[in-house]
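Novice: Need coordinates for the following:
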Amino acid sequence: NLVRNYLSGTIPVEWASMPYITSITLSANNLSGPLPTWLQNFKNLKILGIEGNQFSGTIPDELGNLTNLTKLHLASNKFIGRLPVTLARLVNLEEFWISDNNFNGTIPGYIGTWSRLQKLYVSFSLYCYFLFISLVVSVYQFCSADFYMRVDLKDLFLKQWPA
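Specialist: From the prediction side, this is the model:
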């Protein structure tokens, strides 16, 4: 757990030689650059918490190979693009935080198939709104009664609420 340690730079490539790590929590630092594709080597990883940094670029497809993840916290970075389809394989996720980034496109429907999901933190623009409504219905059908969703509407500028 290296939360709030004033770290900067990138995730050290030397970590790739420690494949048995089960938790990486680097939240609230000043780490930057793209997420390294070698993170896929952490087959036992259950928690990846990198929210509150300056990571940028797209989410690598290889992140979908971390099928033991239960918590994936990517919020409050500078990620762009779409969420990769390979994330559909993360069926053990209980928490998925992607708010406060620069993703585009729609919220992927595969999130609705994650039956263990309990916490989903998203923010989105009007472009995503209509698919979001169907996602909420899908997630609700598959998740437990303890499911919690936080939605950030700060970028949703509406003159009139859609009917």
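
Novice: From Thr67, how far off is Lys43?
Specialist: Here Lys43 is placed at a distance of 8 Å from Thr67 (CB to CB, to the nearest Å). Using the backbone N, CA and C atoms, a C-beta is placed for each residue, glycine as well.

Novice: Please apply the same query to Ile98.
Specialist: From Ile98 across to Thr67, the span is 18 Å (CB to CB).

Novice: neighbour-wise, which of those two wins?
Specialist: Ile98 (24 against 12; other CB atoms under 10 Å).

Novice: Which residue, other than its chain neighbours, is closest to the more buried one?
Specialist: Leu74 (5.3 Å; CB to CB, 6 or more residues apart in numbering).

Novice: try Pro84
Specialist: Asp61 (4.7 Å).

Novice: Would you agree the one you found is in contact with Arg82?
Specialist: No - using CB atoms under 8 Å as the test, Asp61 is too far from Arg82 to be in contact (11.0 Å).

Novice: any low-confidence regions in the chain?
Specialist: Along the chain, segments meeting pLDDT under 70 span 124-163.

Novice: Strands along that one, start to end?
Specialist: With DSSP state E as the criterion, the chain has strands at 8-9, 23-25, 30-33, 47-49, 54-57, 71-73, 78-81, 95-97, 102-103, 119-123, 148-152.

Novice: Adding mean neighbour count and distance to Arg89, write those out as TSV.
Specialist: Converted to TSV, the strands of the chain look like this (neighbours: other CB atoms under 10 Å; distance: least, CB to CB, whole Å):
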stretch	mean neighbour count	distance to Arg89
strand 8-9	10	29
strand 23-25	16	19
strand 30-33	15	24
strand 47-49	20	14
strand 54-57	16	21
strand 71-73	21	12
strand 78-81	15	18
strand 95-97	20	13
strand 102-103	16	19
strand 119-123	20	17
strand 148-152	13	22
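
Novice: Using TSV, please lay out these together with distance to Asn1.
Specialist: As requested, the strands of the chain are exported to TSV (distance: least, CB to CB, whole Å):
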stretch	distance to Asn1
strand 8-9	18
strand 23-25	5
strand 30-33	14
strand 47-49	9
strand 54-57	18
strand 71-73	13
strand 78-81	22
strand 95-97	16
strand 102-103	27
strand 119-123	19
strand 148-152	23
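
Novice: which ones are touching Pro36?
Specialist: Each residue near Pro36 by CB atoms under 8 Å, 6 or more residues apart in numbering is listed here: 10-11, 13, 16, 60.

Novice: again with Val13
Specialist: So Val13 contacts 36, 38 (CB under 8 Å, 6+ apart).

Novice: and what of Arg89?
Specialist: 64-65, 67.
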